[in-house]
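Peer 1: 3D, please:
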Amino acid sequence: MKRFIKKTLLGLFGGALIIGSLGACSQRGPGGWHSGADGSPEFRARMVEKVGSRLDLDAAQKQKLAVLADKLHAQRMALRGTSDPRDSVKGLFAGSKLDQAGAKKLIEEKTAAIQSGSPEVISAAADFFDNLRPEQQQKVRDFMERGRRWGYRG
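Peer 2: Here you go, the predicted model:
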């Protein structure tokens, strides 16, 4: 009988631990872990400061980076559209057959958004990059080579 109680208590404790861990992992604030990536002005300001400190940007360069961040945010919002992108895609599969006309319309809308906003983004990116010192430009190239990680080695 003693052995049965030990196994039962151990099983209940283990189950509670697993359920508690899963519950803790599933908890997230409103908007999820990436809510700042939705483009709040505070998030963009923090990113400009972070990149600015890593590249040793002066005030004029930080201003150009802020303009680039604003243009990228505007482009992202234009691509996203007025509704949730997932809902748009889910709507294509809602019926018994794929809504081909809706899919074509969705792709045309996204393509138009890219074509209309890209010149401003390219201009802002060029203005920022062209006004960096050569060593700052090399840091940007190194960052792009490594991917999304921004850690320094050494």
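
Peer 1: Just the mean pLDDT for the longest helix along the chain, thanks.
Peer 2: Ranked by number of residues, the top helix in the chain under DSSP state H is helix 100-130. Helix 100-130 carries an average pLDDT of 88.

Peer 1: Could you pull out the buried residues of the next helix-or-strand element following it?
Peer 2: Remark: after helix 100-130, the chain's next helix or strand is helix 134-146, criterion DSSP states H and E. The neighbour-count check on helix 134-146 (16 or more other C-beta atoms under 10 Å) flags 136, 139, 143 as buried. Every residue, glycine included, has its C-beta placed from N, CA and C.

Peer 1: Then stretch 104-114?
Peer 2: Applying 16+ other C-beta under 10 Å to stretch 104-114 flags 106, 110, 113 as buried.

Peer 1: Surely the second one touches R80?
Peer 2: It stands for K110. No. K110 lies out of contact with R80 (C-beta atoms under 8 Å); the separation is 9.4 Å.

Peer 1: Now do the contacts for F129.
Peer 2: 137, 140 (C-beta atoms under 8 Å, 6 or more residues apart in numbering).

Peer 1: Tell me the spacing between it and Q137.
Peer 2: 7 Å (C-beta to C-beta, to the nearest Å).

Peer 1: Kindly report the same for L106.
Peer 2: Counting by C-beta to C-beta - L106 and Q137 are separated by 37 Å.

Peer 1: re the thing from before, closest one to A59 out of the buried residues of stretch 104-114, please.
Peer 2: Using C-beta to C-beta, A113 comes nearest to A59 of the buried residues of stretch 104-114, at 32.1 Å.

Peer 1: Just give the closest residue to the closest one, not the sequence neighbours.
Peer 2: Distances taken as C-beta to C-beta, 6 or more residues apart in numbering place A78 nearest to A113, at 4.3 Å, with adjacent residues excluded.

Peer 1: which helices and strands sit right next to the helix or strand where the one you found lies?
Peer 2: Assigned by DSSP H and E, A78 falls within helix 59-80. On a contact count with 3 or more C-beta pairs under 8 Å, 6 or more residues apart in numbering; DSSP states H and E, helix 59-80 meets helix 41-55, helix 100-130.

Peer 1: to the chain's geometric centre, what's the distance from that helix?
Peer 2: Relative to the chain's own centre, helix 59-80 is displaced by 14 Å; criterion: C-alpha atoms, centre = their mean, to the nearest Å.
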